[in-house]
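A.B. asks: Predicted model and sequence follow; I will ask about them next.
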Amino acid sequence: MPTTADILVDTLIDWQVKVVFGLPGDGINGIMEALRTRQDKIRFIQVRHEESAAFMASAYAKWTGGLGVCLATSGPGGTHLLTGLYDAKLDQAPVLAITGMQFHDLIETFTQQDVDLTRVFNDVTVFNAEVSDAAHVENLTSLACRSALAKYGVAHLSIANDIQEQSLGDAKRSKRNQPGHVPNRFFEGRRLPSEAELDKAAELLNGASRVMILAGRGALGARAALERTAELLAAPVAKALLGKAVLPDDHPYTTGGIGILGTLPSQEAMEQCDALLIVGSTFPYIEYYPKPGQARGVQIDRDGQRIGLRYPVEAGLVGDAEETLQLLNERLTPKRDRSFLEQAQAGMARWRAMMKTAEGKTDMPLRPQVVARAFGERLPDDAVLVTDSGQNTELGARHVDLRDGQAFGVSGALASMACGLPYAIAAGIAFPGRPIFAIVGDGGFAMQLGEFSTAVRYKIPLKLLVIKNNMLNQIAWEQMMFLGNPQFGCELQPIDFAMAAEAMGGIGFSVSRPEDVGNVLDRAFSAEGPVVIEAVVDAAEPMMPPKMPPDYAKNFKKALPETPGHEQIEAMIAEEPLKTMMNSGSS
C-alpha cells in the first residue's frame with residue numbers, strides 16, 4: 001500500500017509538477033524517499049539554504065506560469081522559507097510549500113523543532129493546512145495546488161514525519177471520503193470585462209488628448225495588442241520593473257522604466273498626461289503616478305481586487321490583458337495629434353544621450369554604468385536576465401536594453417536582497433539550454449554566496465556580474481535622500497568573489513579598469529559553465545532618481561558634509577549626467 005508521502009508525490013506528478021526545490025532534513029525523510037523512487041517523473045533540486053528554495057519556487061512559477069514547489073524540514077527549515085514565500089505572495093506567483101513536522105502526538109509539547117508552521121504561514125498563504133493521515137493527503141494536495149494556481153498565491157501543507165510514512169491501509173478513511181473523488185487537474189476560463197465597462201474606458205481614452213500607458217508583468221504576452229493600443233492612442237508606454245520585457249527597451253513607443261529606477265521621460269509624461277491606462281501593473285510607488293484629479297484613469301487587471309489600488313480609475317476592466325486590449329482596441333479612435341508621443345520620444349533621445357555619457361566614462365575608479373552597459377550589449381538574443389535588489393537593480397533597469405526574445409525577472413513588490421542568484425538558478429532549471437545572466441550587488445550576493453555551488457552542481461549556464469563597491473549602496477543613498485542622515489553602517493568587508501567562484505568549482509574573473517572591461521567580459525562570456533565576473537567599481541557613484549524631488553535634494557545636501565567620502569560624491573554630482581538629474585526637480 002502507498003504511504004502518505006507516496007500519495008503526496010504522485011498527486012504532484014498528476015498536477016504536472018516537474019521540479020521540487022528543497023533541502024533534506026529528518027522532518028521530511030518520508031517525502032524524500034518518495035521523491036527518490038520517482039526520479040524519472042519528478043526532479044528534486046537540492047539547495048544550500050531553504051530561503052533559496054522558496055525564491056526558486058517563486059521564480060520558477062514566474063518563468064513558466066505554472067506551479068512552483070519548495071520543500072523544507074520542520075522547525076527552522078520551514079521558517080527559512082518565509083522570505084521567498086512572501087516574494088511569491090506579493091508578486092502573485094503560484095507556489096506550493098511543503099514542510100515537515102515532528103511526530104504527530106508530540107506536537108505542541110515543546111519537543112525539538114516544535115514550531116507550528118501552519119500558524120506561522122497563516123499570513124503568507126491563500127491555503128494552509130496540516131495533513132492528518134494517508135487518507136487525507138490527496139484531497140489536501142489537490143486543493144492546495146488548485147488554490148495556489150487559482151488565487152495566484154502561496155499554498156502550504158505541513159505533514160508530521162510519522163504521518164508521512166503511514167500506509168494508506170492503516171488510515172481510517174471516513175465514509176464520505178470516497179477514494180478518487182478529486183480531479184487532479186486545473187480548470188481555467190476566459191476573463192473578460194463587461195461591454196459597458198469597455199465602452200466607458202474607450203469613451204474616456206478617446207476623449208483625452210495626452211494618454212500615458214503604464215505596463216507591468218500582467219502585460220507580458222500581450223505585446224501585439226499593447227503596441228496597437230499605443231499606436232491608436234499615440235501614447236508613450238512606461239514599464240514597471242516587472243514589465244521590463246513587455247516591450248523591447250528600444251521600442252519607439254516606450255519611455256523605459258518608471259520610478260526611482262526609471263527615466264526622466266516616463267516621469268515627465270506621467271506629470272503631463274490627461275489620461276492614464278494601466279495594464280497589468282500595481283506599481284507601488286504612488287508618488288510617480290499622476291496626481292489624483294490630473295488625469296482620468298483606466299485599469300486592466302485579471303484581479304478585480306487590484307483595480308484602483310494606486311490610482312482613482314473611472315473604468316476598471318477585469319480580464320486578461322491580451323484579449324481585453326483587443327476588445328478595447330476595437331473601440332478606440334486613432335488620434336491624429338501625436339505631439340504628446342513625439343515629445344516623449346524626443347525626451348528619450350535626450351535621456352539616452354545622458355546615459356551614454358555615464359556609460360562612456362573612462363576615469364578611475366571604474367564606473368558601474370560602464371560595465372553594466374558592456375554586459376548588456378553582449379547578451380544573446382535568447383538571454384534570460386535577472387537582477388538582485390539594490391543599486392544593481394538600477395543598473396539593469398537603466399543600462400541594459402532588453403531585445404525581442406529576452407526575458408527578465410526580479411523580486412518585485414518584496415524587493416528582497418539575495419533573490420538574484422536563486423532566480424537565475426530557477427531560470428536555468430525552467431529553460432534548459434537557454435543562457436542565463438544576472439547582475440547582483442556584493443551585499444545581496446554575499447547573503448546566498450553558497451548557492452553558486454548549486455549553479456555549479458546543476459551546470460547552469462550562468463554569467464553572474466557582481467557589482468562590487470564594498471557598500472550597501474542603495475541603502476546609503478536612501479539614508480541621505482529620504483531622511484537627510486549621513487551614510488552609516490553600510491560599508492562591507494571585502495570578499496574576493498572571483499576566488500570564491502573558483503573555490504566552488506566555477507570560473508571567476510575580476511575587472512577594475514575601464515579599458516579592461518571588454519576583454520574580461522569577452523573571456524567570461526566564452527567560458528563554459530557558471531562564471532562570476534567581479535567588477536570593482538566606484539563606491540561614490542550615487543543612485544539618483546531621474547528627477548530629484550526638492551525634499552530629496554535638500555536632505556541629500558544636508559547629509560553630505562558628515563558622510564564619509566563626501567568630497568568624491570560632491571565631485572560626482574558636479575558632472576553630467578548627475579548634474580542634470582540633481583537639478584531637474586528644481587526646474
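C.D. replies: Here it is on my side, so go on.
A.B. asks: For E271, which non-adjacent residue is spatially closest?
C.D. replies: In space, and not counting its chain neighbours, E271 is closest to P290: 7.0 Å by C-beta to C-beta, 6 or more residues apart in numbering. C-betas here are computed from N, CA, C, even on glycine.
A.B. asks: Next, that neighbour: secondary structure please.
C.D. replies: Secondary structure assignment for P290 (DSSP: H, G, I helix; E, B strand; the rest coil): coil.
A.B. asks: Excluding sequence neighbours, find me the nearest residue to E323.
C.D. replies: The shortest distance from E323 to any non-neighbouring residue, by C-beta to C-beta, 6+ apart, is to L192 (6.5 Å).
A.B. asks: ditto for G262
C.D. replies: Per C-beta to C-beta, 6+ apart, closest to G262 is P546, 5.8 Å.
A.B. asks: now swap in K151 and tell me
C.D. replies: Looking at K151 with C-beta to C-beta, 6+ apart, the closest residue is V126, at 4.2 Å.
A.B. asks: sec struct for the one you found, please.
C.D. replies: V126 - assigned by three-state DSSP - is strand.
A.B. asks: Could you tell me whether the residue nearest to G262 really is in a strand?
C.D. replies: No. P546 is assigned coil when assessed by three-state DSSP, not a strand.
A.B. asks: And it, how far from I300?
C.D. replies: According to C-beta to C-beta, to the nearest Å, P546 and I300 sit 26 Å apart.
A.B. asks: out of those two, which sits in the busier spot?
C.D. replies: I300 (30 against 26; other C-beta atoms under 10 Å).
A.B. asks: Can you name the residues that contact the more buried one?
C.D. replies: Residues in contact with I300 (C-beta atoms under 8 Å, 6 or more residues apart in numbering) are P193, G218, L277, I278, V279, G280, L317, G319, A321, T324, L325, L328.
A.B. asks: wait, is I569 part of a helix?
C.D. replies: Yes. Under three-state DSSP, I569 sits within a helix.
A.B. asks: quick one on the thing from earlier: verify the stated contact: the residue nearest to K151 with R146.
C.D. replies: No. Judged on C-beta atoms under 8 Å, V126 makes no contact with R146 at a distance of 10.5 Å.
A.B. asks: When those two are compared, which one has more neighbours?
C.D. replies: Legend: neighbour count by other C-beta under 10 Å for V126 and R146, higher for R146 (21 against 17).
A.B. asks: doesn't F186 make contact with that one?
C.D. replies: Yes. If you go by C-beta under 8 Å, R146 and F186 touch, sitting 6.1 Å apart.
A.B. asks: Now do the buried residues in stretch 424-443.
C.D. replies: 424-431, 434-443 (16 or more other C-beta atoms under 10 Å).
A.B. asks: So which of these are in strands?
C.D. replies: I436, F437, A438, I439, V440, G441 (DSSP state E).
A.B. asks: So which of these is the closest to S512?
C.D. replies: Nearest to S512 among those: G441, at 16.2 Å, using C-beta to C-beta.
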